[in-house]
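# how does the following fold in three dimensions:
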Amino acid sequence: MNGEWSLDALYPGFDDPKYQADRVRLTALCAALNDLSGRLSDLEPAQALHQVLSLQEELRQLSTLLMGYSSLRQSTNSRDADAVSNMGQLQAELSSVSGANAAFEAYVAALPDLEPLLAADPFLADYRYLLESIRRDSRYLLPAREEEILSRMNISGGSAWSQQQGHLTSAVEVDFRGGKTNLSAIRNMAYDPDPALRREAYEAELACYPKIADAVAFSLNSIKLQVIQECQLRGYDSPLDQTLQGARMERRTLDALLSAMNDYLPRFWEYLKVKARVLGHEGGLPWYDLFAPMGENSRKFTIESARDYLLHVFSSFDGQLHDMAAQAFDERWIDFYPHDGKRGGAFCSGLQPIRQSRILTNFDGSFSDVVTLAHELGHAFHNVNLYDHRPLNKSYSMPVAETASNFNECIVNGYAIRHARSDAEKLALIESQLSDTTQIICDILSRYLFETAVFDQRSSRFMDSQALCGIMLDAQKQAYGDGLDHSLLHPYMWVCKSHYYSTGRSFYNFPYAFGGLFARGLYAQYEEEGSAFVPKYKTLLHTTSVASVEDTAKIAGLDLTDKAFWARGLESYAQMIDQFIALAQK
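So this is what the prediction gives:
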């Protein structure tokens, strides 16, 4: 099975006639939208809405294909100059309609009565949530010309700074055991069973960051200052307020989530200290052993065996999930292995116009990598459940973005633990799941605390790399408590995490905790209801792009503003910690 994805379903290359024709069509659509935006007052409201939304639909479909192709190429080769060049050109062209989009939103906001228009036109009725959201958000809208200026300036501003961080972290060379490797490969060694290798890899990783830390610090400072200034211009109370507004999520929900997480932190610290003792450390766990495997689960997976395993597990839940996963493997949706120039981590990119997704991983054959594949296939399954929406109704907010991915993890981990062949294997599986969960509780909390502190300080000062390292260490100490050895933390975590480097996605951290605990609650319902839950789950996924997170959860009868809901999921992990301790003491 081929280890690289195929992008041929998009375009064979930038010189392909279809790519060139789509670029010409994109230019024409931008011109048509700009022209139409200046004539809205000459049209009947229903006609104006219909024409603009139709143009925006086609533009969304086309830009998804064109931008997707460029960005996916760059993600596996940071030195792909053609991809970088074409992406910049596309960003410039798409920014030219920012003023037109702003003019349309102002037009929608000024309509005296939207309801009769929605009632009379099924096409417009499909966009009820979108149009009502535009009216609700109109108070944050700038004049059309200013929106266009901001969008154009972002190309050489926040977007360029983000590309710099991505390029530097994918291209930096790591000196290791007399040779050279890349950041993705060295970070993967944190899962190796050899304790000496884990420590050496950790030390080599930390040693490589000073080569790029100052440059990346400029990226972070510039992006965060741009966000702060834009929030002030638009009238948001803070970058967090902007994020919550965009996420269609109430502050009460976030407060309930964070409060429950803080209540359960000591249980996760207890798990870390027990793991430290088993691995021969006194006190807290050193950072380089956070992902150290325990028990006996040395099984290594090939791409083929990972495929077979996941298809078997998914088939017990839902045939549609099984079939989509088979398609992803068979039709080369997935780019598996790490290599120089390829970005680290993993992601899933939805390509809705062709009803496909593309998944990037840095696979090395561990069970953890199989779980990562399941996670990203969950995102792809989420996309499948949005296929039937109209083109402008296929984007969901950050918090619910991690629902299907984490639900898939619950399916796979639950199956693996139930079918463990020995206590040693069960220990390995439970510990692996707790290790991952500690990331979405403790590590995500540290990232939230770090980003909060950076935003608080950026208005008044520039933070150099050493200052940012200090803020990161403080955040890790708060979130991990005495569960970690404070002399062996990771001060450069702000360098390698791409989530901080976006002007449009501030605080892309708490959604992982939200998604993990939300999915855990949904999985508990599945265990109670069995197959009867599956249609409800798919309906919930389908609803995520056309409802607030709170209203989406109501489909499953859940109140996200109630701290007790989040505590329920955390309590299930506390029980798992008890299992871990009992097995570890054997």
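# mind listing the strands for the protein?
173-176, 179-182, 334-335, 347-351, 356-360 (DSSP state E).
# for those strands, which one sits closest to residue 57?
Proximity to residue 57 (C-beta to C-beta) singles out strand 347-351 among those, at 15.8 Å. The way it works is simple: take the backbone N, C-alpha and C, and place the C-beta from them, glycine included.
# next, the angle strand 356-360 makes with that closest one.
160 degrees (axes from the mean of the first three to the mean of the last three C-alpha atoms, to 10 degrees).
# and for residue 200, the neighbour number?
Using other C-beta atoms under 10 Å, residue 200 has 17 other residues around it.
# I'd assumed residue 178 was in contact with it.
No - with contact defined as C-beta atoms under 8 Å, residue 200 and residue 178 do not form a contacting pair (11.5 Å).
# tally of neighbours for residue 100?
25.
# so what's the closest residue to it other than its chain neighbours up against?
Excluding the flanking residues, the one nearest residue 100 by C-beta to C-beta, 6 or more residues apart in numbering is residue 37, at 3.7 Å. Applying C-beta atoms under 8 Å, 6 or more residues apart in numbering to residue 37 gives the contacts 52, 99-101, 103-104, 144.
# buried set for stretch 180-197?
Buried positions in stretch 180-197, judged by neighbour count with 16 or more other C-beta atoms under 10 Å: 181-192.
# can you tell me which of the residues you listed are in helices?
183-188 (DSSP state H).
# related to what we said a few turns ago, among the strands of the chain, which comes closest to residue 22?
strand 347-351 (13.5 Å).
# for that closest one, what is the average pLDDT?
Throughout strand 347-351, pLDDT has a mean value of 96.
# just stretch 185-204 next, same as before
94.
# for residue 485, phi and psi?
Backbone geometry at residue 485, expressed as degrees, to the nearest 10, gives phi -80, psi 110.
# how many other residues sit next to the closest residue to it other than its chain neighbours?
The shortest distance from residue 485 to any non-neighbouring residue, by C-beta to C-beta, 6+ apart, is to residue 284 (4.2 Å). With neighbours defined by other C-beta under 10 Å, the count for residue 284 comes to 21.
# ok, residue 284 to residue 484 distance?
4 Å (C-beta to C-beta, to the nearest Å).
# repeat that for residue 496.
With C-beta to C-beta as the criterion, residue 496 and residue 484 are 18 Å apart.
# okay, the two: which has more neighbours?
Legend: neighbour count by other C-beta under 10 Å for residue 496 and residue 484, higher for residue 484 (25 against 22).
# before we move on, back to that, isn't the residue nearest to residue 485 up against residue 272?
Yes - with contact defined as C-beta under 8 Å, residue 284 reaches residue 272; the gap is 6.6 Å.
# could you check how many residues crowd around residue 33?
Going by other C-beta under 10 Å, the residues that sit close to residue 33 add up to 22.
# quick one, what contacts it?
52, 55-56, 59, 97, 100-101.
# again, but for residue 286
199, 276, 484-485, 488.
# any idea how far residue 427 is from it?
Counting by C-beta to C-beta, the separation of residue 286 from residue 427 is 20 Å.
# likewise for residue 344?
Residue 344 is 29 Å from residue 427, by C-beta to C-beta.
# kindly report the same for residue 386.
For residue 386 relative to residue 427 (C-beta to C-beta), the value is 39 Å.
# more neighbours: the two, which one.
Taking neighbours as other C-beta under 10 Å, residue 386 and residue 427 compare with residue 427 leading, 22 against 19.
# now do the contacts for the more buried one.
For residue 427, counting by C-beta under 8 Å, 6+ apart, the contacting residues are 294-296, 580, 583-584.
# at 10 Å what do you get?
With contacts defined as C-beta atoms under 10 Å, 6 or more residues apart in numbering, residue 427 is in contact with 278, 294-297, 420, 579-580, 582-584, 586.
# out of those, which sit inside helices?
278, 579-580, 582-584.
# which two among those are spaced furthest apart?
Largest pairwise distance in the ones in helices among the contacts of residue 427, by C-beta to C-beta, is 14.3 Å, between 278 and 579.
# the more surrounded of the two?
residue 278 (18 against 15).
# do you know how far that one is from residue 195?
On the measure of C-beta to C-beta, residue 278 and residue 195 end up 12 Å apart.
# return every residue with contacts to both of the two.
residue 292.
# are any of the contacts of residue 427 buried, and which?
Looks like the contacts of residue 427 have 278, 294-295, 297, 420, 580, 583-584 buried, using 16+ other C-beta under 10 Å.
# so which of the residues you listed comes closest to residue 232?
Nearest to residue 232 among these, with distances taken as C-beta to C-beta, is residue 580, at 47.0 Å.
# confidence score at that closest one?
Predicted confidence (pLDDT) for residue 580: 95.
# and for residue 32?
So residue 32 comes in at 97 (pLDDT).
# if I pick the closest residue to it other than its chain neighbours, what's in contact with it?
Leaving aside its sequence neighbours, residue 32 sits nearest to residue 55 (C-beta to C-beta, 6+ apart; 5.8 Å). By C-beta under 10 Å, 6+ apart, residue 55 lies in contact with 29-30, 32-33, 35-37, 97, 100, 104.
# how far is stretch 283-291 from where the chain is centred?
25 Å (C-alpha atoms, centre = their mean, to the nearest Å).
# next one: stretch 259-271
So, by C-alpha atoms, centre = their mean, the centroid of stretch 259-271 is 24 Å from its chain's centroid.
# try stretch 479-496
So, by C-alpha atoms, centre = their mean, the centroid of stretch 479-496 is 22 Å from its chain's centroid.
# average pLDDT across it?
97.
# cool, stretch 155-162 as well?
Stretch 155-162 comes out at a mean pLDDT of 93.
# what touches both of residue 284 and residue 272?
480-485.
# output those residues as CSV; include the columns distance to residue 407.
Shown next, in CSV, are the shared contacts of residue 284 and residue 272 (distance: C-beta to C-beta, whole Å):
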residue, distance to residue 407
480, 26
481, 29
482, 32
483, 27
484, 29
485, 34
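# buried only: go through these for me.
480-481, 483-485.
# and stretch 65-85, what's buried?
65-78, 80, 83-84.
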